[in-house]
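Visitor: the following block contains a protein sequence and its predicted model.
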Amino acid sequence: MIDLRSDTVTRPSAKMRAAMAAAEVGDDVFGDDPTVNLLQEKAVQIFGKEAALWVPTGCMGNEIAVKVHTKPGQEIVTEDRGHILNYEVGAAAIISGVTIRAVKSGDGSGHLTWNEIKPALKIDPPYYQSATGLICLENTHNFAGGSVMTAKACSNVCKEAHALGLPVHMDGARIFNAAVALDTSVLDLTRDCDSVMVTLSKGLGAPAGSLLLGTKDFIAESRIWRKRLGGGMRQIGILAAAGLIALEDGPARLHDDHTNARRLAEGLVQIKGISIDVDKVVTNIVIFDIAAAGKTATEITEALAANGILAIGFGTQIRMVTHLDVSADNIETTIESLKTVL
Ligand SMILES: Cc1ncc(COP(=O)(O)O)c(C=O)c1O
């Protein structure tokens, strides 16, 4: 199988499995799992934040951040196609009691400028309106095709938000992909964000786990919410050991995924019926339109699956994601297969 459904499908490497087997562990609910503590300290150094917390999933990290930053009855701002709004099954409403104000990015990049965010904010509104409590950004932006937000653009939003007393949370599930594509550091890309969630189990290759970062107070409160949500786990040094390798070795090879994604886009644009802007493919996510193909996305993904290639279709679009288990040869096979299917 060539599995292009997501970069979450990777399997842990032999090195990771060996590290997991040998991991020193303790009870992390008591805070004494040495491997988890080491991973959290490493993340603190890399991101330049005060504290970090291991969380089982990216969704839990995002939702804890929303909970800790906001009060029930408030509103949060996300981009229209953002993960927190569309792919976390209403958790912000259920867990935090907030509503979400979706804002479309004017240039289609998925990244909001301050001029786009500002009209959506409600600062000190009349008592019968919901006040804005948080702005959420996403870098890279998943459903805008892995697009990147520059450090300057992010800092600008944060500075303007802070001037109004508003916190900013970064859904940085794939922030390392953004750093590689922009040739900068994750620290630069998240410098002014109040909190950051980064996922270890996507392109970085760990089998599970994300990290939430922020101030010491924010992380202390987040730890309480992680427990309340049932995410206080015990001997998770076994997973943190894989996370350490993901952090150390993962970023260096993301460039290969980006090269493969770009090659895939270059191949796809040659196929009649497929529409894609190759220049917009800058990380590991390739989203293309098949409205002119004469087949539905489901028909195409089913035909691909019969050829051993997995992808996700939604509406008139298909998404393919490159990762460490997808080779350059796999990309050529996928292009040829799509030619045959169409
Ligand atoms: C941008 C973004 N944020 C958050 C998540 C959630 O991560 P998890 O699947 O670990 O809950 C994902 C997962 O695909 C994502 O793409």
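Guide: Good, I have the coordinates. Nothing here was measured: the structure is a model prediction, and the numbers come from that model.
Visitor: what kind of secondary structure is the closest residue to Ala23 other than its chain neighbours in?
Guide: Excluding the flanking residues, the one nearest Ala23 by Cβ to Cβ, 6 or more residues apart in numbering is Ala241, at 3.7 Å. (Each C-beta comes from the backbone N, C-alpha and C, glycine too.) At Ala241 the chain is in helix, as set by DSSP: H, G, I helix; E, B strand; the rest coil.
Visitor: let me see the contact set for Ala241.
Guide: 16, 19-20, 22-23, 35 (Cβ atoms under 8 Å, 6 or more residues apart in numbering).
Visitor: which of those fall in helices?
Guide: 16, 19-20, 22, 35 (DSSP state H).
Visitor: relative to the ligand, which of those residues is nearest.
Guide: Using Cβ to the nearest ligand atom, Met16 comes nearest to the ligand of the ones in helices among the contacts of Ala241, at 16.9 Å.
Visitor: now the ones in helices among the contacts of Ala241: which count as buried?
Guide: Buried members of those, scored by 16 or more other Cβ atoms under 10 Å, are 16, 19-20, 35.
Visitor: for the ligand, tell me which of those residues show up nearby.
Guide: Contacts with the ligand are made by none of these, judged by Cβ under 6 Å from any ligand atom.
Visitor: a markdown table for these, including pLDDT and distance to Arg262?
Guide: Below are those laid out as a markdown table (pLDDT from 0 to 100; distance: Cβ to Cβ, whole Å):
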| residue | pLDDT | distance to Arg262 |
| --- | --- | --- |
| Met16 | 97 | 27 |
| Ala19 | 98 | 32 |
| Met20 | 98 | 33 |
| Thr35 | 98 | 36 |
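Visitor: which parts of the stretch 201-342 of the chain sit against the ligand?
Guide: Counting by Cβ under 6 Å from any ligand atom, the stretch 201-342 of the chain sits next to the ligand at 201, 210.
Visitor: quick one, strands of the stretch 201-342 of the chain?
Guide: 210-214, 285-289, 309-310, 312-314, 317-321 (DSSP state E, counting those that start in this stretch).
Visitor: give me the neighbour count for Ala292.
Guide: A total of 11 residues lie near Ala292 under the criterion other Cβ atoms under 10 Å.
Visitor: hang on, it packs against Ser275?
Guide: Yes - using Cβ atoms under 8 Å, Ala292 is in contact with Ser275, at 6.5 Å.
Visitor: got a pLDDT number for whatever residue of the chain ends up closest to the ligand?
Guide: Closest residue of the chain to the ligand, Cβ to the nearest ligand atom: Gly58 (2.5 Å). Predicted confidence (pLDDT) for Gly58: 98.
Visitor: cool, Asp183 as well?
Guide: 98.
Visitor: same question for Gly108.
Guide: 94.
Visitor: that one contacts Ala144, doesn't it?
Guide: Yes - between Gly108 and Ala144 there is a contact under Cβ under 8 Å: 7.0 Å.
Visitor: and these two? which has more neighbours close in?
Guide: Ala144 (22 against 13).
Visitor: dump the residue contacts of the more buried one.
Guide: 79, 81, 105, 108-111.
Visitor: among those, which are located in helices?
Guide: Going by DSSP H, the helices hold none of the contacts of Ala144.
Visitor: how about those residues in a markdown table, adding distance to the ligand?
Guide: As requested, the contacts of Ala144 are exported to a markdown table (distance: Cβ to the nearest ligand atom, whole Å):
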| residue | distance to the ligand |
| --- | --- |
| Glu79 | 11 |
| Arg81 | 10 |
| Ser105 | 15 |
| Gly108 | 17 |
| Ser109 | 14 |
| Gly110 | 10 |
| His111 | 13 |
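Visitor: buried subset of these as a ChimeraX selection?
Guide: Restricted to buried positions by 16+ other Cβ under 10 Å, the ChimeraX selection for the contacts of Ala144 reads:
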select :79,81,105,109,110,111
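Visitor: can you tell me which of the contacts of Ala144 is nearest His169?
Guide: Glu79 (12.6 Å; Cβ to Cβ).
Visitor: now the ones in helices among the contacts of Ala241 in CSV, with distance to Gly250?
Guide: Shown next, in CSV, are the ones in helices among the contacts of Ala241 (distance: Cβ to Cβ, whole Å):
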residue, distance to Gly250
Met16, 10
Ala19, 13
Met20, 15
Ala22, 19
Thr35, 17
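Visitor: pick out the most distant pair among these.
Guide: Longest span within the ones in helices among the contacts of Ala241, Cβ to Cβ: Met16 and Thr35, 12.6 Å.
Visitor: list the contacts for Val186?
Guide: 46-47, 172, 175-176, 178-179, 198.
Visitor: swap that for Glu63, sorry
Guide: Neighbours of Glu63 in contact, by Cβ under 8 Å, 6+ apart: 84, 88, 91-92, 95-96, 229.
Visitor: could you say which helix or strand contains it?
Guide: helix 58-69 (DSSP states H and E).
Visitor: give me the sheet partners of the longest strand seen in the chain and which way each runs.
Guide: If you go by DSSP state E, the chain has its longest strand at strand 132-138. Note on strand 132-138: by DSSP bridges, its sheet partners are strand 75-79 (parallel), strand 168-172 (parallel).
Visitor: what about the closest residue to Phe176 other than its chain neighbours, how many residues close to it?
Guide: Here the nearest residue to Phe176 in space, its sequence neighbours aside, is Pro251; by Cβ to Cβ, 6+ apart that works out to 4.7 Å. Other residues near Pro251 come to 19 when the count uses other Cβ under 10 Å.
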